[in-house]
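> Turn this into a structure:
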Amino acid sequence: MTTETRLRIAMQKSGRLSDDTQSLLKRCGLKLNVSDRRLLAHVSNMPIDIMRVRSSDIPGLVMDGVCDLGIVGDNTLEEAALERQLMGSKSEYIKTSPLNFGGCRLSIAMPEEFNYQGVDSLNGLRFATTYPQLLKRFASQNGINVDFCMLNGSVEVAPRVGLADGICDLVSTGTTLEANGLKEVEIIFRSTASLIQTVEQLSPKKQSILNTILPRIQGVMKAKESKYIMLHAPKDRISEVSALMPGKETPTILPLAGRDDLVAVHVVATETIFWETMEALKSLGCNSILVMPIEKMMG
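Model (predicted):
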């Protein structure tokens, strides 16, 4: 058990997850003192230090117990765990909470002229990738043999210059693939960001800090996915109105001053409310239908 009193969190210094991670921590009430030149940032209102490192370093820092928590993409986490298992190094961690940002997929892409007829079409081919372990696992699970070459940047150009037959790389929108004459043929791993924790026992003080910030993180995530809905509904059609509400929350029904035929309905929706739903509510006689974002939630 570590005895330090300041909780240490590893996050990406710059890149795809950096801004979202900083935003999450700030929305949890952490006052960050971040400088581009410093790898270690201090939280001024809580005993927390933020270690700003390369994304690929985060899993190892948490697995080795150097950092107590880390915010990292599942793709990087899974690749590091497979690599460490292969090397016989520590690879255990606790996935404390999934986070609803950083969504992407690890895909195999081939030149547009390639005649793809299923996974067997990839047998014996060579791929440029930053994720060899995930690629090898996919190949093993599908009973094919593939070769690979490691590239940490500009993976998309590998087929064009003859370095590889195809690529295995992260895809968000697919526009980069299209710009380089490639087409996505197989998704081998889907990824979002996750909060991970060391398996080492935390000191009582660190555990107390974690017990404070974890509900805040989960509250921010839940709020981001939720909407607060308010409307006026006919009193005699409440059951029909409730049935149209997205999510599983029970609506709050409140009287309206001076109206015996209408009531106010308030509900937190944890699912998307579509225009069609609002139109259906209106057809039941509802009016003043408001759908609003939620900044924070707890409980």
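> If you count neighbours, what's buried in stretch 211-220?
I213, L214, R216, I217, Q218, G219, V220 (16 or more other CB atoms under 10 Å). The way it works is simple: take the backbone N, C-alpha and C, and place the C-beta from them, glycine included.
> isn't the third one right next to L25, touching?
No: if you go by CB atoms under 8 Å, R216 and L25 don't touch, sitting 9.4 Å apart.
> Show the low-confidence segments of the stretch 1-150 of the chain, by residue range.
Within the stretch 1-150 of the chain, the segments meeting pLDDT under 70 span 1-3.
> Which parts of it are strands?
For the stretch 1-150 of the chain, strands defined by DSSP state E, counting those that start in this stretch occupy the ranges 7-12, 32-33, 40-43, 48-53, 69-73, 94-98, 104-111, 126-129, 147-150.
> which residue sits closest to V119, ignoring its sequence neighbours?
In space, and not counting its chain neighbours, V119 is closest to N142: 4.7 Å by CB to CB, 6 or more residues apart in numbering.
> Quick check: chain neighbours aside, which residue is closest to K235?
V263 is the one closest to K235 (CB to CB, 6+ apart), at 5.2 Å.
> Let's have the buried residues of stretch 211-220 in a markdown table, adding pLDDT and secondary structure.
Output for these, formatted as a markdown table (pLDDT from 0 to 100; DSSP: H, G, I helix; E, B strand; the rest coil):
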| residue | pLDDT | secondary structure |
| --- | --- | --- |
| I213 | 95 | helix |
| L214 | 94 | helix |
| R216 | 94 | helix |
| I217 | 93 | helix |
| Q218 | 90 | helix |
| G219 | 89 | helix |
| V220 | 90 | helix |
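> quick one: which of the residues you listed is nearest A80?
Among those, I217 lies closest to A80 (CB to CB), at 21.8 Å.
> Switch the strands of the stretch 1-150 of the chain over to JSON lines; also include distance to V268.
Listed next are the strands of the stretch 1-150 of the chain as JSON lines, based on distance: least, CB to CB, whole Å:
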{"stretch": "strand 7-12", "distance to V268": "29"}
{"stretch": "strand 32-33", "distance to V268": "29"}
{"stretch": "strand 40-43", "distance to V268": "29"}
{"stretch": "strand 48-53", "distance to V268": "29"}
{"stretch": "strand 69-73", "distance to V268": "26"}
{"stretch": "strand 94-98", "distance to V268": "20"}
{"stretch": "strand 104-111", "distance to V268": "29"}
{"stretch": "strand 126-129", "distance to V268": "42"}
{"stretch": "strand 147-150", "distance to V268": "47"}
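> Mean neighbour count, the ones you listed: which tops it?
Greatest average neighbour count among the strands of the stretch 1-150 of the chain goes to strand 69-73 (a mean of 28), per mean count of other CB atoms under 10 Å.
> so what's D49 up against?
R6, L7, R8, I9, L40, A41, H42, V43 (CB atoms under 8 Å, 6 or more residues apart in numbering).
> Let's see that with 7 Å instead.
Contacts for D49 (CB atoms under 7 Å, 6 or more residues apart in numbering) come out as R6, R8, L40, H42.
> Check the spacing between P234 and D49 real quick.
Distance, P234 to D49, by CB to CB, to the nearest Å: 56 Å.
> In this model L30 seems to touch I209, though I could be wrong.
No: using CB atoms under 7 Å, I209 is not in contact with L30; the gap is 10.6 Å.
> And the pLDDT for the residue located most distally from the centre of the chain?
The centre of the chain is farthest from one residue, G258, which by CA atoms, centre = their mean lies 47.1 Å away. With respect to pLDDT, G258 scores 89.
> quick one, phi/psi of it?
phi 80, psi 10 (degrees, to the nearest 10).
> if I look at L32, how far off is S23?
Per CB to CB, L32 is found 10 Å from S23.
> Likewise for G70?
In this view, G70 and S23 are 17 Å apart by CB to CB.
> E225 now?
Applying CB to CB to E225 and S23 gives a distance of 15 Å.
> So which of the two has more stuff around it?
E225 (15 against 12; other CB atoms under 10 Å).
> Now do the contacts for that one.
N100, T270.
> Same check on V53?
With CB under 7 Å, 6+ apart, V53 has these contacts: A10, K13, L39, L61.
> Next, the contact list for the closest residue to the last one other than its chain neighbours, please.
Think L61. Leaving aside its chain neighbours, L61 sits nearest to C67 (4.3 Å; criterion: CB to CB, 6+ apart). Contact analysis of C67 by CB under 7 Å, 6+ apart lists R8, I9, A10, M51, L61.
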